[in-house]
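A.B. asks: This is a predicted model, with the sequence first.
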Amino acid sequence: MPYSFVEIEKEKTWVIKAVFVFLLVFYFLVAELLWIVTRMFFSSQSPFAGPAQLFSPGEFVIVFAVALAVASLHWYYSTRNMIADLTNLLDARAPDLGDTYHKMFRNVVDEVSIATGGRKIGCYVVPSSGMNAFAVSDLEGNSAIGVTEGLLSRLSRSQLEAVVGHEAAHIASGDSFSTTVICSLFGIYGALLEGINRITLGRSGDSSKERVSVGARFGAYLLVVYLVLLVVKGANHLLNMFISRQREYRADAVAVRLTRDPVALSEALYLISRGWRGVGVIPGSLSPIFITAPDTDSLSESEGIFSDLFSTHPPFKNRLNILLDMAHSDLQSLKSGIRTAPKTVVEEEPVELEGLSVDARRGGPFCPKCGQALSEISYEGAPAMKCRFCGGVLAASDVATRIIARENYLFPGEIRESSEALMKSHWRENPPNFFNVTDKLACPRCREAMERGFFTYGLPVIIDKCFKCGNIWFDKGELEMLQYLIEKSRNGEL
Amino acid sequence: MAALFIILVIVVVAVLWLIGVYNGLVQLKMRVKNGWAQIDVQLKRRHDLIPNLVETAKGYMKFERETLENVIKARTQATQATTVKDKEGAENMLTGALRSLFAVAEKYPDLKANQNMLALQEELTSTENKIAFARQYYNDEVTRYNTTVKTFPANTVAPALGFAPEEFFELKDLAEREPPKVSFT
């Protein structure tokens, strides 16, 4: 390892002090500015009365005390549960060990943690089909690596190992600690701002009338919050200046030392650079903890002093070139050498218990349509239940999100045809009325009546969802059609 | 008087240096030990997985008793090995036995598609990788330790302080193919 534990601890205290001083100076300047403005507003003095009247030592001390108090509170509340706060914001969950992809990810993290000398690293999965990965560490020395569902389903085992190695390198070298602190202090507020922007200034074809009404609802309260967040986000940009692009190169190098596989890392980086990185789901202000900035901007792909200063990630081109040099390879052979896993036809594997198929179970959940006992299956690696009689599938809503993020299935012609026909039907002009459904199905898990509706408003696939336990019932073929249509729209073919 | 003082200073400096070298070597040796402990944990995991694997395979591979027995035999030997060199030999034998087991398993599509077998295979792959990483870490630490022990100036005192060079741990990779045998007869 490049650092010993002692050095990491030293750097940690240095980071804490530096960031706190920054926070203090930041709040002091803001408070002082506010104070001066207030005084000019209430006193009849001319604003150009000279600095003597504006800066008196007594007021200076009071303003400093206020800034110190605010900075301490901000620090205290932001750094209490950094890992939990950030993972909650990203909606990241602990891996489900009944899922083959998640199980493999957990194993890979354990493997790489051994290569770093056996430190414990937690893991998280973000239910997004974008491709990205992150690392976080906190004051107590806990650390965690997270990846998106899309990354898990599109990378091979060795490529995943390389990505995890890169994140483990951030953790082992201690620089994931500084990025975590900065993201907890400022990035979270930047993420809030992005959320508000998306609601109020949404791009998705909303009319100006809607915008006004939403704006009126948030009202003046929002304006104040918005301004504060804007200022904090500015501070975030300032702090990003201190995050050097060099640490990504360093982490790449350490990842190669850990996994001894520069080819796998360069393949993974190439695939990530070509794929969707999860912008919208992953807030751009949290980009320092990620392997690549979620929003592709010209800044991170360009060189020069300006982008070196403000961008947290170096250009992919440079990272790839360094790695390919290590592997004595070039971009051309990398492109031709990437093996993407072949798509297989839809085939659920039955889960067996002690040699007996679980169909034999009599107590378990029953099919809401035909009353048959459901049997456990592994659908694209995710645990689900299927009726062997009518072919319907029951999946928890987070499992359904996972299945939809994965693209390893090839769909038979009939599924393709029926989905195309469904898209061409008049479902948009003549939407079904979901308010007077008379034949509601009973949830196989909790017996509650399930609500009927579209899985997503962009696609005409109708599902039944239980709002009590979150399970979703797909009639035969519905899940496949949904997957097919979503994959098509992801590739921009819809 | 001055000469005595100079000798005293030299002795003090020498003792301080000796303490420094000793402590440095102890630290490096502890890291080697830690690396070895990691390997041991993973080897144990490997041994624990094998009975399950054999049990699952048994139902499908009725006519391959010899292969299965070889795996069990190799496992028993591996669990009994104690020194680094012994373990190396026994683990390599176990790797060979497992490799032939998987080669034979190719002939049984039912076994290959079995969920239990798939899960076991993932576990075994993961354990093999863990062993490989633990070995890599151990060998890296041994290299650092040996370099210190064998280079000047520590090499002048290391043997007297009881620091001998450590052995590397070499293992065959399960995924690796056997080199083709060439015979000239």
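C.D. replies: Arrived safely.
A.B. asks: quick one: B:Ala134 and B:Arg45 touch, right?
C.D. replies: No: counting by C-beta atoms under 8 Å, B:Ala134 does not reach B:Arg45; the two are 10.5 Å apart. Every C-beta, even on glycine, is put in place using the N, C-alpha and C of the backbone.
A.B. asks: and the stretch 151-300 of chain A, which of its residues are near chain B?
C.D. replies: Within reach of chain B by C-beta under 8 Å from any C-beta of the partner chain, the stretch 151-300 of chain A has these residues: A:157, A:161, A:258, A:260.
A.B. asks: coming back round to it: more neighbours: B:Ala134 and B:Arg45, which one.
C.D. replies: B:Ala134 (25 against 15; other C-beta atoms under 10 Å in any protein chain shown).
A.B. asks: how about the helix or strand bottoming out on mean pLDDT in chain B: buried residues?
C.D. replies: Comparing helices and strands within chain B by mean pLDDT, DSSP states H and E singles out helix B:109-113 as the least confident, with a mean of 74. For helix B:109-113, a neighbour-count test (16 or more other C-beta atoms under 10 Å in any protein chain shown) marks B:Leu111 as buried.
A.B. asks: Just name whatever secondary elements the lengthiest helix in chain B is in contact with.
C.D. replies: Looking across chain B with DSSP state H, the single longest helix is helix B:2-60. Judged by 3 or more C-beta pairs under 8 Å, 6 or more residues apart in numbering or on different chains; DSSP states H and E, helix B:2-60 is in contact with helix B:65-80, helix B:84-105, helix B:109-113, helix B:115-150, helix B:158-161.
A.B. asks: Just send those helices back as CSV, with distance to A:Asp464 too.
C.D. replies: What follows is these, written out as CSV (distance: least, C-beta to C-beta, whole Å):
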stretch, distance to A:Asp464
helix B:65-80, 48
helix B:84-105, 42
helix B:109-113, 31
helix B:115-150, 28
helix B:158-161, 74
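A.B. asks: Would you mind writing the CA trace of the least confident helix or strand of chain B as PDB?
C.D. replies: Only the C-alpha atoms of helix B:109-113 are listed here, as PDB (Å, rounded to 0.1, in the frame of the first residue of the first chain):
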ATOM      1  CA  PRO B 109     -25.300 -30.900 -18.500                       C
ATOM      2  CA  ASP B 110     -27.900 -31.500 -15.700                       C
ATOM      3  CA  LEU B 111     -25.200 -31.100 -13.100                       C
ATOM      4  CA  LYS B 112     -23.900 -27.900 -14.800                       C
ATOM      5  CA  ALA B 113     -27.400 -26.300 -14.800                       C
END
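A.B. asks: give me the low-pLDDT residue ranges for the chain?
C.D. replies: Going with chain A. A:1-8, A:43-55, A:195-224, A:233, A:236-242, A:278-281, A:295-310, A:339-342, A:347-364, A:494 (pLDDT under 70).
A.B. asks: To clarify, I was referring to chain B.
C.D. replies: Ranges of chain B meeting pLDDT under 70: B:63, B:173-185.
A.B. asks: Can you give me the neighbour number for residue 35?
C.D. replies: Since you didn't name a chain, this refers to chain A. A:Trp35 has 16 neighbours, counted by other C-beta under 10 Å.
A.B. asks: my bad, chain B
C.D. replies: By other C-beta under 10 Å, neighbour count at B:Gly35 equals 25.
A.B. asks: For the nearest residue to it once chain neighbours are set aside, the count of nearby residues, please.
C.D. replies: The shortest distance from B:Gly35 to any non-neighbouring residue, by C-beta to C-beta, 6 or more residues apart in numbering or on different chains, is to B:Tyr138 (3.4 Å). Counted with other C-beta under 10 Å, residues neighbouring B:Tyr138 total 23.
A.B. asks: who's in contact with residue 85?
C.D. replies: Assuming you mean chain A. A:78, A:184, A:188 (C-beta atoms under 8 Å, 6 or more residues apart in numbering or on different chains).
A.B. asks: Hmm, no, I was thinking of chain B.
C.D. replies: Neighbours of B:Lys85 in contact, by C-beta under 8 Å, 6+ apart: B:Glu167.
A.B. asks: Please apply the same query to A:Asn107.
C.D. replies: B:122-123, B:125-126, B:129.
A.B. asks: As TSV, those with distance to B:Lys107 and neighbour count would be great.
C.D. replies: Output for these, formatted as TSV (distance: C-beta to C-beta, whole Å; neighbours: other C-beta atoms under 10 Å in any protein chain shown):
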residue	distance to B:Lys107	neighbour count
B:Glu122	21	15
B:Glu123	22	18
B:Thr125	20	16
B:Ser126	25	21
B:Asn129	26	25
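A.B. asks: and those residues near chain A, which?
C.D. replies: Among the contacts of A:Asn107, chain A is touched by B:122-123, B:125-126, B:129 when using C-beta under 8 Å from any C-beta.
A.B. asks: excluding its backbone neighbours, what's nearest A:Gln483?
C.D. replies: Using C-beta to C-beta, 6+ apart, the nearest residue to A:Gln483 is A:Ile404, at 6.0 Å.
A.B. asks: so that neighbour is in which element?
C.D. replies: helix A:397-405 (DSSP states H and E).
A.B. asks: I figured B:Ala81 hits B:Gly89, correct?
C.D. replies: Yes: proximity of B:Ala81 to B:Gly89 meets the contact threshold set by C-beta under 8 Å, at 7.4 Å.
A.B. asks: So for the two, which residue has more residues nearby?
C.D. replies: Ranked by neighbour count (other C-beta under 10 Å), B:Ala81 and B:Gly89 place B:Ala81 first, with 16 against 13.
A.B. asks: And the more buried one, its phi and psi?
C.D. replies: Phi and psi for B:Ala81, reported as degrees, to the nearest 10, are phi -70, psi 150.
A.B. asks: List the contacts of A:Lys335.
C.D. replies: A:Tyr270.
A.B. asks: mind checking how far it is from A:Pro127?
C.D. replies: Distance of A:Lys335 to A:Pro127, given as C-beta to C-beta, to the nearest Å: 30 Å.
A.B. asks: what do you get for B:Phe133?
C.D. replies: B:Phe133 is 29 Å from A:Pro127, by C-beta to C-beta.
A.B. asks: Looking at these two, which one has more neighbours?
C.D. replies: B:Phe133 (27 against 20).
A.B. asks: Next up, the contacts around the nearest residue to that one once chain neighbours are set aside.
C.D. replies: Nearest non-adjacent residue to B:Phe133, counting by C-beta to C-beta, 6+ apart: A:Ala115, 4.0 Å away. Listed by C-beta under 8 Å, 6+ apart, the contact partners of A:Ala115 are A:165, A:168, A:258-259, B:133, B:136-137.
A.B. asks: got it, and A:Leu320?
C.D. replies: A:Leu320 makes contact with A:266, A:269-270, A:273, A:331, A:334, according to C-beta under 8 Å, 6+ apart.
A.B. asks: 10 Å - rerun?
C.D. replies: Contacts for A:Leu320 (C-beta atoms under 10 Å, 6 or more residues apart in numbering or on different chains) come out as A:252, A:265-267, A:269-270, A:273, A:330-331, A:334.
A.B. asks: can you check A:Pro288 too?
C.D. replies: Going by C-beta under 10 Å, 6+ apart, A:Pro288 touches A:134, A:175-176, A:178-180, A:182-183, A:186-187, A:236, A:239-240, A:243, A:247, A:312-313.
A.B. asks: Perfect, I'm done here.
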